[in-house]
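Engineer: Test case, fold it:
(one chain, ligands or ions: 2)
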Amino acid sequence: MENPCMNALPLTMTSSQKQVTVCIFGTGDFGRSLGLKMLQCGHAVVYGSRNPQMSSLLPSGAEVLSYPEAAQKSDIIIVAIHRDHYNFFIDLTEVLNGKILVDVSNNLKINQYPESNAEYLAQLVPGAHVVKAFNTISAWALQSGALDASRQVFVCGNDTNAKHRVMDIVRTLGLTPLDRGALVAAKEIENYPLQLFPMWRFPLCLSAMLCIFFFFYCVIRDIIYPYVYKKEDNTFRLAISIPNRVFPITALVLLALVYLPGVIAAILQLYRGTKYFRFPDWLDHWMLCRKQLGLVALGFAFLHVIYTLVIPIRYYVRWRLRNITVTQAINKKDDPFSISLAWLSDSYVSLGILGFFLFLLLGITSLPSVSNMVNWREFRFVQSKLGYLTLTLCTAHTLVYGGKRFLTPSALRWYLPSAYILALIAPCTVLVVKFILIMPCIDKTLTRIRQGWEKNSKSSKPLLFRKSDVSNKAECTWASEI
Ligand SMILES: NC(=O)C1=CN([C@@H]2O[C@H](COP(=O)(O)OP(=O)(O)OC[C@H]3O[C@@H](n4cnc5c(N)ncnc54)[C@H](OP(=O)(O)O)[C@@H]3O)[C@@H](O)[C@H]2O)C=CC1
Ligand SMILES: [Cu+2]
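Structural biologist: Ligands and ions are numbered 1, 2, ... in the order given. Model prediction:
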C-alpha cells in the first residue's frame, strides 16, 4: 500500500526533520486525526488534555499528559482547541515561553471576532511564537486521506524561524505549505474555509436571473400568446422547446459578458489616457470572475447541445414530419428543394459545432493544470483571440438560425420580438466595439497606454493597482485581455 505521507515529500527533506516530537493540545476530532497522521509520518506525539486518564480513542503510541506537563515535552505545540476555551493559556504563559504555538482554529462566521484567533492567542501568551496553520484541512480529510483537493496549508507567523519549522512539519505530512506572511494574515486565512464560492456567486446569480427572465419571456410568446389568439395548447413546449431556447440564449449572453468588461476597461483607459487609475469596484469584481462566467456559459452551451441532439426522437417532431409528408401525398404536391434553405440550415449547424468546439477548448485551457503549461503569450492567444472567434461563431450561429425571420413584422407577438433578438444585443455590441478598438489608430494608442504611456503624464499620479489590474491578470484565466 502507498505510504500516506511519503507521496509528496520534498526531495530536500532530511531524516532528522522527520523525528520531531510534537505536542497536541486537545484530544478532540482534529487533535486525534492530526496526531494519527503525525504518528504515521514518523513523529512522536504527546497530547495535552484536561483529563489525561479519561481520554479514549487516541491513536496508539501517543502519550497523554496534562496541559502543563505535555507542553514541557516539546517546543512545538499544536492548539487543537476552540478559541472560546483559550482562557487557560493565561496560567501556562511561563511554561510556553519561547515555544511555538500552532493555532489551527476556525470560526463559525466570517470576521466573527475583532482580531484573528491566532492574534488573540499571541496576546494571551506574549512569550510564545504563534503560527497559524492547518485550519483549511478538515479532520475527516486527514483521516480518510482524501486530501487531493486541499493539500495546501496556509501558514503565517511573525517569527520566521518558527514558521519554517511548522512548514517543515507540514511537508513531512505530505501537504504543501504556502507562506502567507506575518500573523496579520491570519484573519484572511481563518475566513478562507468559511467562504462559499465567492467568485461563483455573481456568475450563478446572473445566469439564474437570465434564465428566469428568458423563460418567462418565451412562455409569454410561445405559450400564452398562441393560447389567447388561437386557443392552442402549447404547454408541452415547457419541457424541451423552451429550455432549448433559454439555455443557448443564456450561454451566448454570458459569453458576451465575459468579454464586455474587457471592452469597457479599454474604453476607460482610452478615455482617461492612462492605465494607472483604478477601475470602479463593480468592473473590478466583474473582471475577476470572468473565468467562472465563461464556465457557467459553457455549461449552458452543453445543455443546448444535448437538448438539440434529442430533437429527432421527440414525438412532436416525428408527428409533424409524418403529417407534412402525408398532407403532401394526399395533395400530390411536394415542396421544391431550396438551395438557400439548405445552405442556411447547414451553415447554422456548422457554425454551432465549430463554436461549441472552440468554447470547449476555452474551458479546458482555463483549467489551472492546463493553463500552467502554456506561457503568457500562448495563454493570451487562446483566451483572447480564440475567445473572440468563439463569440463571433456563436453569434453568427444565432443570426443564421433566425435569418430573415427575426425581422419580419409577424415575428412580433404583443410587440415582443423573438427572444433571440434580445440575446444578440450583448454579443453584437461587444463584437462591434471590439472591432472599433482593433482599428490600427485606436489599437496603437491603447497599446501605448498599456505600455505605460500617459496622456497627461505630469498631472496623473499612479495609484495602487487592484487585484484585477495588470500585475495579477494571469489569475483571471478565461479572458485575459483588457
Ligand atoms: N474538526 C475539524 O475538521 C477541524 C477543526 N479545526 C479546529 O480545531 C480545533 C479543535 O476542533 P475539534 O477537534 O473539531 O473540536 P472538539 O470539540 O472535537 O475538540 C476540542 C478539544 O478541546 C479541548 N478543550 C480544552 N479546553 C476545553 C474546554 N474548556 N471545553 C471543551 N473542550 C476543551 C478538549 O480536549 P480535552 O478534553 O483533551 O482537553 C476537546 O476535545 C478548533 O479550533 C477547530 O476550529 C480546524 C480545522 C478542521
Ligand atoms: Cu444552437
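Engineer: can we go C-alpha only for contacts and neighbour counts from here?
Structural biologist: Will do.
Engineer: Show me the helices in the stretch 201-350 of the chain, by range?
Structural biologist: Under the criterion DSSP state H, counting those that start in this stretch, helices of the stretch 201-350 of the chain are mapped to 225-230, 243-272, 281-288, 290-309, 315-331, 339-365.
Engineer: So which elements touch the last one?
Structural biologist: Which is helix 339-365. With contacts taken as 3 or more CA pairs under 8 Å, 6 or more residues apart in numbering; DSSP states H and E, helix 339-365 sits against helix 290-309, helix 387-402.
Engineer: Between the ones you listed, which one is closest to ligand 1.
Structural biologist: Closest of those to ligand 1 is helix 290-309, at 27.2 Å (criterion: CA to the nearest ligand atom).
Engineer: Can you name the residue of the stretch 351-482 of the chain nearest to ligand 1?
Structural biologist: P368 (25.5 Å).
Engineer: Okay, that residue and W376: tell me how far apart.
Structural biologist: Per CA to CA, to the nearest Å, P368 is found 13 Å from W376.
Engineer: and stretch 209-216, what's its mean pLDDT?
Structural biologist: Summarised as a single mean, pLDDT over stretch 209-216 is 95.
Engineer: returning to what we had before: nearest to L121, out of the helices of the stretch 201-350 of the chain?
Structural biologist: L121 lies closest, by CA to CA, to one member of these: helix 281-288, at 34.0 Å.
Engineer: mind listing what's buried in that closest one?
Structural biologist: By neighbour count on 16 or more other CA atoms under 10 Å, the buried set for helix 281-288 is 283-288.
Engineer: Can you tell me which of these is closest to ligand 1?
Structural biologist: Once CA to the nearest ligand atom is applied, the member of the buried residues of helix 281-288 that ends up nearest ligand 1 is L288, at 28.0 Å.
Engineer: can you list the residues of the stretch 1-150 of the chain near ligand 1?
Structural biologist: Contact residues, the stretch 1-150 of the chain versus ligand 1 (CA under 6 Å from any ligand atom): 26-31, 49-50, 80-83, 85, 104-106, 135-139.
Engineer: Can you say which of these are buried?
Structural biologist: Of these, these count as buried by 16+ other CA under 10 Å: 26-31, 49, 80-81, 83, 104-106, 135-139.
Engineer: among those, which are in helices?
Structural biologist: Among those, the members falling in helices (DSSP state H) are 29-31, 139.
Engineer: Of those residues, which is the nearest to D91?
Structural biologist: Set against D91, the nearest of those by CA to CA is G31 (21.3 Å).
Engineer: you'd agree the closest one is up against V22?
Structural biologist: No - between G31 and V22 there is no contact under CA atoms under 8 Å: 11.4 Å.
Engineer: Just read off the phi/psi values of the closest residue to ligand 1 within the stretch 101-250 of the chain.
Structural biologist: Among all residues of the stretch 101-250 of the chain, S105 sits closest to ligand 1, at 3.2 Å; criterion: CA to the nearest ligand atom. Per-residue torsions, S105: phi -70, psi 150 (degrees, to the nearest 10).
Engineer: for stretch 372-384, how far is the first residue from the last?
Structural biologist: From its first residue to its last, stretch 372-384 covers 17 Å (CA to CA).
Engineer: just stretch 224-234 next, same as before
Structural biologist: Stretch 224-234 end-to-end distance (CA to CA) = 8 Å.
Engineer: Which pLDDT value goes with the residue lying closest to D29 once chain neighbours are set aside?
Structural biologist: The shortest distance from D29 to any non-neighbouring residue, by CA to CA, 6 or more residues apart in numbering, is to A139 (6.3 Å). With respect to pLDDT, A139 scores 85.
Engineer: who touches A139 in this structure?
Structural biologist: A139 is in contact with 29-30, 33-34, counting by CA atoms under 8 Å, 6 or more residues apart in numbering.
Engineer: Which helix or which strand is home to the closest residue to A133 other than its chain neighbours?
Structural biologist: Once flanking residues are discounted, A133 sits nearest to V155: 4.7 Å by CA to CA, 6+ apart. Following DSSP states H and E, the helix or strand that holds V155 is strand 152-157.
Engineer: ok, residues contacting that strand?
Structural biologist: For strand 152-157, the external contacting residues (CA under 8 Å, 6+ apart) are 129-137, 163, 167, 170, 175-186, 189.
Engineer: again, 10 Å this time
Structural biologist: The contact list for strand 152-157 (CA atoms under 10 Å, 6 or more residues apart in numbering) reads 102-104, 118-119, 129-137, 162-164, 166-167, 170-171, 174-186, 189-190, 192.
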